[in-house]
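1. Sequence first, predicted coordinates after that:
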Amino acid sequence: MKISAAIIAALLTTPAMADEITSYYAALNYADSYNSRGEQLYEVGAILQQDRANVHRFGVMQEGDEIDGLFGNAEMRAQIPTLYENGPKVAGVATWLEGGGDMLFYVSVCGTKSRAEYLIVNFGDGDLAYTCD
């Protein structure tokens, strides 16, 4: 049986389906838009990273925040901006976060069992615009 080079190339370049590694609710507010040095954050990835630092490192949680099983250490939290950039973007999320309003978000971390590849930030109302698969 012969398999054409085009079929082999397509199979090798098709990304594997990502699984949800973990997910959590993040209640983001004004406090999450400032880093530990008091500097204002303007990028979504940095705000998400600060939220996880507030939860794990500083024990600061707003009503609705959940503890995740992935971002408990600084090395993993440092990956959040890149993970956010690698994922699909839900319309309106960036505008809301960069404006510093209070809102509940549902965050899904997607990848394989051995590696987080991207994350998705949906509004926390249960209507998921994107999922890992």
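-> Ah, there it is. Numbering: from 1, shown residues only.

2. When you work out contacts or count neighbours from here on, use the C-alpha atoms and nothing else.
-> Will do.

3. got any ranges where the protein has weak pLDDT?
-> By pLDDT under 70, the low-scoring segments of the chain are 1-17.

4. Quick one: the strands in it, in order.
-> 19-28, 103-112, 115-123 (DSSP state E).

5. mind listing what the shortest one pairs with, with the direction of each?
-> Which is strand 115-123. Using DSSP bridges, strand 115-123 pairs in its sheet with strand 103-112 (antiparallel).

6. For the strand it pairs with, which outside residues touch it?
-> 18-29, 64, 116-126, 131-132 (CA atoms under 8 Å, 6 or more residues apart in numbering).

7. So what angle separates the directions of that strand and strand 19-28?
-> Here the directions of strand 103-112 and strand 19-28 differ by 160 degrees (axes from the mean of the first three to the mean of the last three CA atoms, to 10 degrees).

8. Which parts of strand 103-112 count as buried, going by neighbours?
-> Met103, Leu104, Phe105, Tyr106, Val107, Ser108, Val109, Cys110, Gly111 (16 or more other CA atoms under 10 Å).

9. of these, closest to Gly69?
-> Checking those against Gly69 with CA to CA, the nearest one is Val109 at 10.6 Å.

10. burial measure for the nearest residue to Lys113 once chain neighbours are set aside, as a count.
-> Excluding the flanking residues, the one nearest Lys113 by CA to CA, 6 or more residues apart in numbering is Ile21, at 6.8 Å. Other residues near Ile21 come to 19 when the count uses other CA atoms under 10 Å.

11. Relative to Gly92, how far out is Ile21?
-> Separation of Ile21 from Gly92 (CA to CA, to the nearest Å): 24 Å.

12. what do you get for Glu63?
-> Taking CA to CA, one finds Glu63 at 22 Å from Gly92.

13. Disregarding flanking residues, what is the spatial nearest neighbour of the residue nearest to the spatial centre of the chain?
-> Most central in the chain under CA atoms, centre = their mean is Leu119, positioned 3.5 Å from the mean C-alpha point. Excluding the flanking residues, the one nearest Leu119 by CA to CA, 6+ apart is Val109, at 4.4 Å.
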